[in-house]
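**Student:** take a look and give me a structure for this.
(2 chains)
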2 protein chains.
Amino acid sequence: MVTATFERHFSGIFDPKSIAVVGASNVVGKWGFIMPVNALGGGYKGDFYMVNPKEKTVLGFPSYPNLSDVDKPVDLVIVAIPAAGVLGVIKEAAEKGIKNALVVSSNFSEVGEKGAALERELADFASEAGITIIGPNTMGVYSASSSLLAVGGPASPLPGAVGFISQSGNLGMQLLGWGRSRGLGFSRFVGSGNAANTDMHDYLTYLGEDPMTKVIALYIEGLRDGRRFLEVARSITPHKPVVVLKGGKGAQGGRAARSHSGALASNTELFDAMLDQAGIVQAENTEEFIDIVAAFDALPRALGKKVAIMTMGGGWGVVASDACDREGLELAKLPQSLIDELDPVLPAFWSRGNPVDLVGNLRRSSHFKVIDTLASCNDIDILIVMGALLGKDIFLDAVLMGTVKPFLGVMRNHLDHLPAFLASQLKGFKESFTKRKGYNPQGSAGINPGEAWQWTDAAMINMLEKLVREKQKPIITVALDAREMTAAASLQSRGIFSAPTPERAVRAASKIAAYGSYLEQVGDRNERAPV
Amino acid sequence: MVTATFERHFSGIFDPKSIAVVGASNVVGKWGFIMPVNALGGGYKGDFYMVNPKEKTVLGFPSYPNLSDVDKPVDLVIVAIPAAGVLGVIKEAAEKGIKNALVVSSNFSEVGEKGAALERELADFASEAGITIIGPNTMGVYSASSSLLAVGGPASPLPGAVGFISQSGNLGMQLLGWGRSRGLGFSRFVGSGNAANTDMHDYLTYLGEDPMTKVIALYIEGLRDGRRFLEVARSITPHKPVVVLKGGKGAQGGRAARSHSGALASNTELFDAMLDQAGIVQAENTEEFIDIVAAFDALPRALGKKVAIMTMGGGWGVVASDACDREGLELAKLPQSLIDELDPVLPAFWSRGNPVDLVGNLRRSSHFKVIDTLASCNDIDILIVMGALLGKDIFLDAVLMGTVKPFLGVMRNHLDHLPAFLASQLKGFKESFTKRKGYNPQGSAGINPGEAWQWTDAAMINMLEKLVREKQKPIITVALDAREMTAAASLQSRGIFSAPTPERAVRAASKIAAYGSYLEQVGDRNERAPV
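**Tutor:** As a prediction, this is how the structure comes out:
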């Protein structure tokens, strides 16, 4: 199939002032119901024109018998009627001068040759008329700038700066959800469906120029015009990262892709090499895809691949270092001046090496000092913080474990000790808080009550955010607990990427470093604003 | 260092009838406080003897001036005093005939040559006296059979069947938490610390024979006696899976491990080959470690590597198939009889291939039928289910999106349409429920209200559990949403492993398949009970 070229008006897709829904329905579960309902629920403020000859009103909006009966200008028409009628609607759209159609109807090329013929006819007519068709068989579109949530599933993406085009609607919708739980927001989303008269480079061209989009994320099963795609990508990657997840790379995956989106098998090695050369960042799997996109969304540019790791425990430092080995990142050698600066706040026997192991030191001011010192060091390009210890539940848990749980345990299993237990707990608490005034800063046991305020999530997050602003250096936190990960989601929009494991943090760091080195190579070091 | 060999009495560690705590303290945050407090909170029912010359009672229990003053039998002594005094305590323990000491005290070999000398002296004496020392510098021990939570951090492991030994206490503690959030329970945990007179094979020997332990998980930075370790492992793997995460494999990781646990660098390729030959399953990173351990904990044995995948969307099928390519798993060819059986419950245009794409079919009875049919097919060794759609929040969300959110959206942005919107929503709901009586089983739009009861998590989970019981075939569900993952945690103890991404499901499946093939090779196919 030859790629259609005609002037496109994507602003009508992502910022439509008015939408007509052909096949609009009051029947729960129908596409003609779900699409406008989601758009209304998402907060779309523009005008709606419902088209359904059998209804007087749909969802409270007057219903027109035909699209041509709508006597107002329409920027985007959503088509949700059986396949056979779609071409007729597009013809009406052409007459009305509508430039964009989102066709959710299925039973086109995905179901066989007869559907494919129908789709070709549709595509040819639309291209001739200068109409961009999203779909058919699309999951829909999201656009943050218009609060437009015209999608066929229960997604509630966060608004943000990632432009995401997916050749699988279902996968795309769920990744919007994965993003949400990480605090990752999206500027645009398109489930490209059968892509009757669009190819990936059409969307890419738009997103490259779109000021709302700072990172481009693409799930690709196949490209009709790979050469054009690479050409467009090459023009974008020097100023905006493009992250690709390629589905159907293996023999069995390729067969599945052919059956799903009709994508043709490609030479994987050649594909990888070409993407690499165009400065496109590739993810290996869905989890990594979201990790990397989130990393680019949050982090400033890396000026090199020297990593410093702060850790609360030796083992985590070891597995993170192993990951650096695998990913080709260098553990920065700590300069003596930095070691001297850290000496007073760390236990006497700290390793004086990188990873910087806090050896269980629970003095919160030490954590702050170590993070600040590492982030300020010019010999360090990327900082990975394991031990931000966010998530107030974690501390509530610790408190529970030290008070309520043992109380219950004594009550159940050692009842005769209960009165003495309570007395000695009370006495103990009192003593500990008194004794802690002369707390040894190099000691590692216990939390200094005088630093309680520093233990709030806000204190750590504000400190990290200030560092990012001042140092413009990638800082990655690792949340080693699901609750910590939830707390860390708020870091995303404040310029810090959080990973749920050290290895995933390092993997993302390696992609950030590789892209930094690509930028240096293409030589726009000074032109590019931080992502 | 030569590995100590003497008769060990691990039952005194994992099922002690009485525990003495030397250095027991009422001061919050001290190890001598945390250890007994956690043990009390964890529900330990045995006797406690507190030893602290300066206190009359500790945590409500009478305090003895010295260990030798305790006039009752002691199975395990927890030592939480400064390093210099530890040998003295162990000598007292020897006199009392105590066979096990958990030494949390630090400042031994981890801080330099002087500490190392102290530790050697301690180890030699203890070995001579037949005392097993856990530590020094250990994070502690958990044992489900005694509800013994003698650990130094806020862990609340679930009781279960995984025996876990970690050469990093911190990493170990947090992985117990990762396990908890996945519904994965542990029989035993030991943070082996400096391992003064134990080596990994000592623990392995015990866990191999331990009836409470069905899966063995080891985080290893170094082995003193690799040959013995492999020998022991070889005797265990034919009847119990052993999963290893090796820290310090890379050059930088190796340096970090040396600094952390003193582990010596090993030849990685040789190490991998030897583990492989001994039937040990290796994980590449921490996330995968827990995935694989959870998979072995839940799943029955795989009889081959032919996988069937059920998916709710084409893209997910594609990335899962790609993962099968990467991991060397085969997508099973569906026999015609199976296709014929599925035809009536799937949309007419379903691909009739594997992955079985439900193409968005939301008829719940179809999901049940597809899962049952695939699980019953003898040409399929492992079943991966993407689209169990667990997590009732997901449906509440869908309901919210269809009702409350659009209502609010209309109120805010299209106020003059509100009365008509409400009227048409009500009418629509009524109509849809009436119309759905003649619901087309092959259609894919919308949920059939008549199947509402089947949409509960319990209905799906019960069906899956029944299948596992009947078919003894590995079934893996993929939760494509954090809330679904939370719901899926309850599957773990019912014999179904759940992964948060298709790729991780496939990776775990590949390990299960590889171990199945190892079992076949070592020839005890009929002797081994399902894990």
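**Student:** for residue A:172, helix, strand, or coil?
**Tutor:** The local conformation at residue A:172, judged by DSSP: H, G, I helix; E, B strand; the rest coil, is helix.
**Student:** pLDDT value on it, please?
**Tutor:** On the pLDDT scale, residue A:172 is placed at 96.
**Student:** please determine how far it is located from residue A:513.
**Tutor:** Distance of residue A:172 to residue A:513, computed by C-beta to C-beta, to the nearest Å: 28 Å. Using the backbone N, CA and C atoms, a C-beta is placed for each residue, glycine as well.
**Student:** what about the helices in the stretch 1-150 of chain A?
**Tutor:** Counting by DSSP state H, counting those that start in this stretch, the segments of the stretch 1-150 of chain A that form helices are A:11-14, A:31-42, A:86-96, A:113-129.
**Student:** that should have said the stretch 401-531 of chain A, apologies.
**Tutor:** With DSSP H, counting those that start in this stretch as the criterion, the stretch 401-531 of chain A has helices spanning A:404-413, A:418-435, A:457-471, A:482-488, A:502-522.
**Student:** where does chain A dip in pLDDT?
**Tutor:** For chain A, residues meeting the criterion pLDDT under 70 lie at A:1-3, A:264-265, A:392-395, A:432-450, A:452, A:524-531.
**Student:** domain map for it?
**Tutor:** As assigned by automatic domain parsing, chain A contains the domains A:11-297, A:304-531.
**Student:** pull the distance from the longest one to the chain's centre.
**Tutor:** Relative to the centre of its chain, domain A:11-297 is centred 18 Å away, using C-alpha atoms, centre = their mean, to the nearest Å.
**Student:** any idea how far apart the tips of it sit?
**Tutor:** Between the opening and closing residues of domain A:11-297 we find a distance of 23 Å, counting by C-alpha to C-alpha, to the nearest Å.
**Student:** could you dump the helices of the stretch 401-531 of chain A to a markdown table with distance to residue A:230?
**Tutor:** Below are these laid out as a markdown table (distance: least, C-beta to C-beta, whole Å):
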| stretch | distance to residue A:230 |
| --- | --- |
| helix A:404-413 | 59 |
| helix A:418-435 | 64 |
| helix A:457-471 | 33 |
| helix A:482-488 | 36 |
| helix A:502-522 | 14 |
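**Student:** who does the host helix or strand of residue A:271 touch, helix- and strand-wise?
**Tutor:** Here residue A:271 sits within helix A:268-277, counting by DSSP states H and E. Helix A:268-277 is packed against helix A:226-236, strand A:281-283, with contacts defined by 3 or more C-beta pairs under 8 Å, 6 or more residues apart in numbering or on different chains; DSSP states H and E.
**Student:** figure out which of the ones you listed is closest to residue A:494.
**Tutor:** If you check each of those against residue A:494 by C-beta to C-beta, strand A:281-283 wins as the nearest, at 22.5 Å.
**Student:** any buried residues in stretch A:244-264, and which?
**Tutor:** Burial within stretch A:244-264, assessed by neighbour count using 16 or more other C-beta atoms under 10 Å in any protein chain shown, is assigned to A:244-250, A:252-261, A:263.
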